[in-house]
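Peer 1: generate a structure from the sequence data that follows.
(one chain, ligands or ions: 1)
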Amino acid sequence: MPSQELTLYTFAMSHFCEKIRWTLDLCGLPFEEKPMTPVFHAVAARRMGGRGRTSLPILKISHTASRVSFVQDSTRILAWLDRESGPFDLLPRCELAQDVSAIESRFDKVGQDVARLIYAQAFKHPEKLLSFWSSSAAGWQRQCLKTAWPLVRAVYQHQLEMSPKGLEQAEHRLQQALVWLDGRLSDGRRFLVGNHLTVADVAVAALLAPLACPDEHPVFSQADFKRYMLPPSASWLRDRPALRWVRSMYKQHRTALPTGLTKEAVAAA
Ligand SMILES: N[C@@H](CCC(=O)N[C@@H](CS)C(=O)NCC(=O)O)C(=O)O
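Peer 2: Modelled structure (predicted):
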């Protein structure tokens, strides 16, 4: 790895950010995490990403003190890591690569549906949601979020296509993805592709983590998250092989805790 420094811009509650944070940890690449506050992230994210989008994660690469570059979007970050710092066992370049990439790409869409269902529930408990959003916010930012909440909620509902029909479709797609994953795991395999951990496992586990609530995740393990952010009556979400597998992936492979994002810091927010 050349002597470049990596900074990862994240949200504490983002499963897409967790996908990259976990990948960097597993690849043994040191990075500094900069958690951002939703809404206040938008201007900086658009500027850094340079693609007219505001989404996180964004990886900043400091090549030298005066030369920096940015990569926005988790899949593009994985491609950058493979190209610039690979090869990694996690990102196979052999015949498994196509299968890994197909699963990663499929679950990126599933990840959006997970966000829709979690936010549909979270919007019923704005105080709790704002406290998760504000884990790294300044006092004035918390106050602004509270004051502007109706507007912020409307924008998010629109962006995430959270109409009743949109939510119904998201739930249907998510159920199908979980049935697929239950089936894939039904032969007792430990890993989704081949016989070692790949980014397919990391992506799927990270993107389903808000539903599986693994103990190792600083946000999704919190009692308030499980109580207020999970769809309460979804029988299809109850303990099933896919979600048990996510928890076992975390137990076995999520050893390094995210930098600067401890359970204690999140709980104290
Ligand atoms: N395709 C993107 C999706 C990332 C994404 O949806 N990020 C959400 C957080 S989970 C986000 O940044 N939302 C706020 C925004 O778009 O401004 C990726 O893989 O990075």
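
Peer 1: can you give the domain ranges for the protein?
Peer 2: Described in terms of automatic domain parsing, the domain architecture of the chain consists of the residue ranges 5-85, 97-268.

Peer 1: ok, now which ones touch the residue nearest to residue 160 when sequence neighbours are not counted?
Peer 2: Leaving aside its sequence neighbours, residue 160 sits nearest to residue 116 (CB to CB, 6 or more residues apart in numbering; 5.1 Å). Bear in mind the C-beta positions are built from the backbone N, C-alpha and C, glycine included. The contact partners of residue 116, taken as CB atoms under 8 Å, 6 or more residues apart in numbering, are 160-162, 166-167, 170.

Peer 1: check which helix or strand covers residue 69.
Peer 2: In this structure, residue 69 is located in strand 67-72 according to DSSP states H and E.

Peer 1: how about residues contacting that strand?
Peer 2: Taking CB under 8 Å, 6+ apart as the criterion, the residues outside strand 67-72 that touch it are 45, 48-51, 53, 55-63, 77, 80.

Peer 1: distance of the residue lying closest to residue 9 once chain neighbours are set aside from residue 41?
Peer 2: Counting by CB to CB, 6+ apart, residue 58 is the residue found nearest to residue 9 once chain neighbours are left out, at 4.4 Å. Distance of residue 58 to residue 41, computed by CB to CB, to the nearest Å: 9 Å.

Peer 1: who has more neighbours out of the two?
Peer 2: Neighbours of residue 58 and residue 41, each counted by other CB atoms under 10 Å, are more numerous for residue 58; the result is 28 against 20.

Peer 1: bridging residues for the more buried one?
Peer 2: When bridges are taken as DSSP bridges, the partners of residue 58 come out as residue 9, residue 72.

Peer 1: contacts only, for it.
Peer 2: Residues near residue 58 by CB under 8 Å, 6+ apart: 8-9, 45, 48-49, 70-72.
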